[in-house]
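> here is a sequence together with a model predicted from it:
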Amino acid sequence: MKKTPLLILFIIMVNSNLSAQNDVISAFLLKWENSKNYLLEMAEAMPETNYNYAPTERQMTFKEQLLHIKGNMVSLSENYFITADFKKSEKVNSTTKREIINELTEAFDKVSEIIKKTKLEDLDTEVNFFAGPKSKLQILNLIQDHVTHHRGQLIVYLNLNEVKPPKYTGW
């Protein structure tokens, strides 16, 4: 009989853990960490001598793609999710592979920090966006979609340079 309360407590703990993982912000943060690790593996895989590689003249180089990803994630998170007491990032001109990887790591971590402070109910808030009014939830999805879009391009860059892309990690 004494085992029953422990079993009930265990079930409650498991259910609360699952529901914490299933709210929008927790799910985003879990996927975001995996996204970070996957992109950093790509950045590590490309030899630094190929960071200026672009498949055509009209496309960004590998390095420019990475810096574009970083700039976009920082801009969207800082412009649409931070409070007045949060210090915005300063623009950095990273040039080496190591500097770029460090900047990417810091940017991913900064986005996580910002989103962790966002309340679920705030995701319904409408913000002015260049493409028209959007909810913060839409901006949150855009942050991840933008990384995914450019990361897909980087896989092509790696393959064109005969560098095996890292194994995909989703959730």
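Alright, I've got the coordinates.

> just give the nearest non-adjacent residue to residue 125, would you?
Excluding the flanking residues, the one nearest residue 125 by C-beta to C-beta, 6 or more residues apart in numbering is residue 136, at 5.0 Å. For glycine as for every other residue, the C-beta is placed from the backbone atoms N, C-alpha and C.

> I figured the one you found hits residue 121, correct?
No. Taking contacts as C-beta atoms under 8 Å, residue 136 lies outside contact range of residue 121: 10.0 Å.

> pick out whichever of those two has more residues nearby.
residue 136 (18 against 7; other C-beta atoms under 10 Å).

> list the residues that contact residue 148.
With contacts defined as C-beta atoms under 8 Å, 6 or more residues apart in numbering, residue 148 is in contact with residue 35.

> could you report the pLDDT at it?
If you check residue 148, the pLDDT there is 95.

> what about it, helix or strand, and which?
Per DSSP states H and E, residue 148 falls inside helix 136-160.

> looking at it, residue 125 is touching residue 135, isn't it?
Yes. The criterion here is C-beta under 8 Å, and residue 125 meets it with residue 135 at 6.7 Å.
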